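**Student:** Here is the input, now give the coordinates:
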Amino acid sequence: MNTRRRFTAEQKVRILREHLDNQVKISELAEKYKIHPSVIRKWKKELFEGALDIFSGKHKNNRAKNSKEADLEKKVASMQEVITEITTENLQLRKKYFGAI
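**Tutor:** As a prediction, the model looks like this:
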């Protein structure tokens, strides 16, 4: 059974840089790294599509959204802790005053 190999972002960039900077053919890179050529072409397409976002400034908005999302997740977590504490306290008081529930 063949397992799918995973390449890190750094590995992908290194392979694409070989192709773009050193003019190494995709077929040669595919053979060297034992990757199907279409995978390298896909990475190249993703690289240039991502470049459009970088040069248009969209990535800055994404960072701000990610920061806001992280802040909201922290707030939700702290609210859940408070709810847990209040619920536990409520149950203890009910047991104290009304017996077993």
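**Student:** Tell me the buried residues in whatever helix or strand Leu16 lives in?
**Tutor:** Taking DSSP states H and E as the criterion, Leu16 maps to helix 9-21. By neighbour count with 16 or more other Cβ atoms under 10 Å, helix 9-21 contains the buried residues 12, 15-16, 18-19. Quick note: C-beta positions are derived from backbone N, CA and C, even for glycine.
**Student:** Tell me the one of those nearest Phe48?
**Tutor:** The closest of these to Phe48 turns out to be Leu16 (Cβ to Cβ; 10.0 Å).
**Student:** how about the helices of this protein, start to end?
**Tutor:** For the chain, the helices defined by DSSP state H occupy 9-21, 26-33, 37-56, 58-98.
**Student:** Quick one: closest of these to Thr3.
**Tutor:** Distance to Thr3, taken as Cβ to Cβ, is lowest for helix 37-56 among the helices of the chain, at 15.1 Å.
**Student:** and that closest one, how far from the chain's centre?
**Tutor:** 17 Å (Cα atoms, centre = their mean, to the nearest Å).
**Student:** what mean pLDDT does it have?
**Tutor:** Helix 37-56 shows a mean pLDDT of 90.
**Student:** Would you mind pulling up the elements that it packs against?
**Tutor:** Using 3 or more Cβ pairs under 8 Å, 6 or more residues apart in numbering; DSSP states H and E, the elements in contact with helix 37-56 are helix 9-21, helix 26-33.
**Student:** Good, we can wrap up now.
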